[in-house]
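Student: pasting the sequence and the predicted model now:
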Amino acid sequence: MSVNDIDLLVHGASNSIYVGEISGQDAYCIPQLNMQDGPQGFRCQGDVMKPGSSTQFPCGLAIGSTFDKDVAERWGKDMGKEFREKGAHIQLGPALNVARVPVCGRNFEYISGEEPFLGAILVGPIVKGIQSNSIMANLKHYINNNQEDDRTTVSANLDETLQMDLYIPPFEYGVQAGALSIMCSYNKVNNTYACENEETLTSTLRGVLGYQYWVMSDWGATHSTAFAANAGLDQQMPDDSFFGSALVDAVNNGEVPESHFREMAFRILQPMFLIGMFDNAPTGDYAADVTSAAHDADTREFAAKSTIVLSNDDGLLPLEVGKVASVAFFGSAADFFLTTGGGGSGSVVPRYQVSPLKGLAQALNADLPARPNCTVVGGYDFVTPPELSQSLGTPDVDTCEEACYQKWSCAAYTFIPPSSAGAYGTCWLHRNATGQTPNDGYTSGTCPPQPQGDKVQFHLYDGSNLDDAAALASSVDVVVAVMATTSSEGADRANLELPSDQVDLANAVAAANPNSISLSITPGVVYMPFADSFAANVLMVMPGQEEGNAFADVIVNAIPPWGRLPFTIPYKDQAQPFTPEQYPGVNLQTEYTEGMEVGYRYYNASNVPVRYPFGHGVTYTSFLYEDLTVHDMLQPNRTVTFTLYNAGPRAGVETPQLYMRTPGGSPTHIMSQLRAFEKTSLGIGESQQVTFALPDRALSVWDTYSRGYRLYNGEYEIFVGSSVNDIRLSTFLRATLDGI
């Protein structure tokens, strides 16, 4: 290949329908390479991609909340299938960064939460799932993309040990899993942009981690030509402003060695061969509707298994079908204005959303009609205020009507046909049927309130009169207060608060009825000052289009409580403090001087009490832990076992977690750190031996002298429990530099 031919591989092509495209070259039988967002489903941007024609899966952090390797792999496999059927060769995900800053706007994308080994353990199954579809996974954002404010200019300043022990492991394990592409991030690392940083791209990624394939830039994150190429960047996205003719000139004049330039091309072509793109390239269509009943069902299951029951102190849950006569939901997020996903490149437009109210009504057999009960009105629109309307992407009138049916308080809908052939139309859902206006070509429907039988009565109040809310709450068997907040790429959240009006409403109804449940839907950490007022508290992390059904499945125990916190929920007045230098940074310099004390490591090292600790989640039964034993202590593939008993009144799922503390003298000695977890399902009275693998790498920490991970002399403390703060068993094992 000539230098000019190679150049076509190392930068994006203009005028792509996909978010990114590399031009094909017929002379060499090189297929066009299509890339698409995002890390939790195919993002259909623009009318031609038909927003609503892909599944809105739970977000990456929700999958982190499952603590479940099987769910992670199936999630990746389902998404990869849709990407392939949409004609994409690369899914731009999974997103792996550690949530250093709780308000980071993209935390909902990142599977790691505040714990690198959560991401490290789950990334392998996700990569396997995505790439089983003969498309490539893309690990992002490498590295230290820990804030969105000033993300394109800020420098993350940290030492090598901290980088390797806290921020690298999810990428390390992703490389080991065979991920075929990586995306470098916008920010600087120690004052050099991540996409032209020889230390992170070449010395660490290729040298230490052994990564063999290609690195693309985030969109617009390339800042130089020869400097970036020589540092280890293989491909500029989405255009050729630095890696087009300027790079050809740099090769021709010797600024970039031609041998290195050809290596860049080889690193791109090799994974294309490995994944089968030359003989089994995706033949899908970006406009195809790739949704399916199977993926809807999986999405429901994944979302349910990511749902975290934070407390159930009075045993209110699970609700039993046939024993609840009336339920009242409170809050706009309970039914009409749902928060099912975040914004930016991680966003997916759903073709429908199931509300928590509708999901629980169906689960409790509330005698709802099986199909929408709407009267079609042709040639009309309903002009209603923005606060009374919501839009979705749908292919036809019937799908629009069905979307209205999935929300209890939807009174009318309007389907606006697509502006161009082959595109999807727009479905507007309305809270009331006022403002009827003639409009040729539009199809609307009026949908009367869904009739209820005499089994269970459901009520919805999303107003602001707290006295009216309290009166309704006091008149029903069960109260559910729903609160929600969101976040997006491009900006950090202002704080960790849920909206104050939602919290005020929740407090009012909890005071009026002891049988009260709070449901918080969030992109990450939130304060929960209301939690003590509720009999049960439930949290969902951007759960996707099946939000309501998933919530209901957990509330009635159709799927037992499964999820665990991938972050710490602090008390409001005791949250981890950051100096301005640490976050958001001073003069675009962010100093990582907190070291390893991120998330639960900070709270435990500082003896600060928290509301709900990392790894926490309650079940509807109780478990006993016994007989902790370390096996094969002289071998690098040692294991740790214990016996788990279900001692409670129901079958259930437990998530035992193993934490370790390194010997005195090691850099991380003061803290317990997650190293393994397993999902275990047990019936009433059943027991099972649980086995954790504990290879040398799980015990090792970074050594700057040898530039590698090493064991430390001395005693390692091993802790096993139900969360980082609920340790049931502990033991020791002894290590030397030469092994155990």
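Tutor: Structure received. Fair warning: this is a prediction, and the values are worked out from it, not measured in the lab. Numbering: from 1, shown residues only.

Student: CA only for contacts and neighbour counts going forward, please
Tutor: Fine.

Student: what about stretch 222-238, average pLDDT?
Tutor: Stretch 222-238 comes out with an average pLDDT of 98.

Student: do stretch 472-485 as well
Tutor: On average, stretch 472-485 scores 97.

Student: next: stretch 302-321.
Tutor: The model assigns stretch 302-321 a mean pLDDT of 96.

Student: identify each buried residue in it, please.
Tutor: Buried residues in stretch 302-321, counting neighbours by 16 or more other CA atoms under 10 Å, are found at 302-312, 316-319.

Student: now do it: distance to the chain's middle.
Tutor: Centroid displacement of stretch 302-321 relative to its chain, using CA atoms, centre = their mean, to the nearest Å, is 21 Å.

Student: send me it as CSV with only the CA atoms.
Tutor: Once non-C-alpha atoms are left out, stretch 302-321 reads as follows in CSV (Å, rounded to 0.1, in the frame of the first residue of the first chain):
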residue,chain,number,x,y,z
PHE,A,302,-31.1,-6.9,33.1
ALA,A,303,-32.9,-3.8,34.6
ALA,A,304,-34.5,-5.9,37.3
LYS,A,305,-31.2,-7.5,38.2
SER,A,306,-29.6,-4.0,38.4
THR,A,307,-32.2,-2.8,40.8
ILE,A,308,-31.0,-2.3,44.3
VAL,A,309,-33.2,-2.7,47.4
LEU,A,310,-31.4,-0.4,49.8
SER,A,311,-33.6,-1.1,52.8
ASN,A,312,-36.6,-3.1,53.8
ASP,A,313,-36.5,-2.6,57.6
ASP,A,314,-40.1,-3.4,58.3
GLY,A,315,-40.5,-6.3,55.9
LEU,A,316,-42.9,-4.4,53.7
LEU,A,317,-41.4,-6.0,50.6
PRO,A,318,-42.1,-8.1,48.7
LEU,A,319,-45.7,-7.0,48.0
GLU,A,320,-47.9,-10.1,47.6
VAL,A,321,-50.4,-10.3,44.8
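
Student: show me where the stretch 451-600 of the chain has its strands.
Tutor: 457-461, 478-484, 516-522, 536-541, 569-570, 589-591 (DSSP state E, counting those that start in this stretch).

Student: nearest to residue 377 among the ones you listed would be which one?
Tutor: Nearest to residue 377 among the strands of the stretch 451-600 of the chain is strand 457-461 (26.6 Å), distances taken as CA to CA.

Student: distance between that closest one and the chain's centre?
Tutor: 31 Å.

Student: which stretches of the stretch 1-150 of the chain form strands?
Tutor: With DSSP E, counting those that start in this stretch as the criterion, the stretch 1-150 of the chain has strands spanning 20-22, 33-36, 90-91, 136-142.

Student: okay, the ones you listed in CSV with mean neighbour count and distance to residue 697 next?
Tutor: CSV is the format used below for these (neighbours: other CA atoms under 10 Å; distance: least, CA to CA, whole Å):
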stretch, mean neighbour count, distance to residue 697
strand 20-22, 23, 36
strand 33-36, 24, 33
strand 90-91, 28, 29
strand 136-142, 27, 21
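
Student: using CSV, lay out those strands together with mean pLDDT.
Tutor: Compiled in CSV, the strands of the stretch 1-150 of the chain are given as follows (pLDDT from 0 to 100):
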stretch, mean pLDDT
strand 20-22, 96
strand 33-36, 96
strand 90-91, 98
strand 136-142, 98
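
Student: who wins for proximity to residue 582 among those strands?
Tutor: strand 136-142 (19.7 Å).

Student: residue 133 reaches residue 84, doesn't it?
Tutor: Yes: counting by CA atoms under 8 Å, residue 133 does reach residue 84; the two are 6.9 Å apart.

Student: surely residue 727 is within a strand?
Tutor: Yes: residue assignment for residue 727, taken from DSSP: H, G, I helix; E, B strand; the rest coil, places it within a strand.

Student: which residues does it bridge with?
Tutor: residue 721 (DSSP bridges).

Student: I figured it was touching residue 674, is that so?
Tutor: No: with contacts counted by CA under 8 Å, residue 727 stays clear of residue 674, the gap being 12.0 Å.

Student: still on that earlier bit, which of the buried residues of stretch 302-321 sit farthest apart?
Tutor: Largest pairwise distance in the buried residues of stretch 302-321, by CA to CA, is 23.9 Å, between 302 and 316.

Student: following the helix or strand that contains residue 215, which helix or strand shows up next?
Tutor: Element membership of residue 215, judged by DSSP states H and E, is strand 214-217. Next along the chain after strand 214-217, taking DSSP H and E as the criterion, comes helix 226-231.
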